[in-house]
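1. predicted model follows, preceded by the sequence.
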Amino acid sequence: MLTMKTPDIQKQYRLIHDVYVLMDYGDTVVLSEYNLTASQMSVLRQLDVEVGCRLTTLSDRVLRSKSAITRIIDSLEAKDLVARVGDPEDRRAQRVVLTEKGARFREEVNHKHVDSLHGRFDILAAEEQQHLTALLDKLRLGLVDRLGLR
């Protein structure tokens, strides 16, 4: 296996970081129109109207601390987008479900977000997008494995 020179690795890392920052900024612009943060939208994407999700599961899925998830849920609950309900499997636990209003809201925001993503990714040709997806997926899976996140 060929080893890369340190400056090449640093450049790749910096490029990935810069792209992440720019993509995150694009998300912030779109989501701010709806008074949402990226973390709030991440949580909304994990929920459904019927079964919902435990707070600890949400914390694991969106890689946020339990206290951060509680704050996010509190803010979404204040907007009537989510509700806390008892967990039928464990009376001590709670699940968070999407309200009907939350489901409609998420759908609207998601359409706007996808339109924004198309605009950002249209910089690349379709074939380049497919190649990028394959490389990023390989990198993500490798990192999950190396960091023991499976």
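-> All right, it came through fine.
2. list the buried ones in stretch 90-103?
-> In terms of neighbour count (16 or more other CB atoms under 10 Å), stretch 90-103 has its buried residues at 94-99, 102-103. All C-beta spots, glycine's among them, are computed from the backbone N, C-alpha and C.
3. would you mind writing the CA trace of that stretch as PDB?
-> Only the C-alpha atoms of stretch 90-103 are listed here, as PDB (Å, rounded to 0.1, in the frame of the first residue of the first chain):
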ATOM      1  CA  ASP A  90     -41.200   0.400  29.700                       C
ATOM      2  CA  ARG A  91     -43.400   2.600  31.900                       C
ATOM      3  CA  ARG A  92     -40.400   4.500  33.200                       C
ATOM      4  CA  ALA A  93     -39.200   5.600  29.700                       C
ATOM      5  CA  GLN A  94     -40.600   8.100  27.200                       C
ATOM      6  CA  ARG A  95     -40.700   8.200  23.500                       C
ATOM      7  CA  VAL A  96     -40.800  11.200  21.300                       C
ATOM      8  CA  VAL A  97     -43.200  11.200  18.400                       C
ATOM      9  CA  LEU A  98     -43.800  13.600  15.500                       C
ATOM     10  CA  THR A  99     -47.100  15.400  15.700                       C
ATOM     11  CA  GLU A 100     -49.200  15.800  12.600                       C
ATOM     12  CA  LYS A 101     -48.100  19.400  12.400                       C
ATOM     13  CA  GLY A 102     -44.500  18.300  12.800                       C
ATOM     14  CA  ALA A 103     -44.900  15.800   9.900                       C
END
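4. please dump the buried residues of stretch 90-103 into CSV; it should also carry secondary structure for every row.
-> Shown next, in CSV, are the buried residues of stretch 90-103 (DSSP: H, G, I helix; E, B strand; the rest coil):
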residue, secondary structure
Q94, strand
R95, strand
V96, strand
V97, strand
L98, strand
T99, coil
G102, helix
A103, helix
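5. which of those residues sits closest to D87?
-> The nearest member of the buried residues of stretch 90-103 to D87, counting by CB to CB, is R95 at 5.0 Å.
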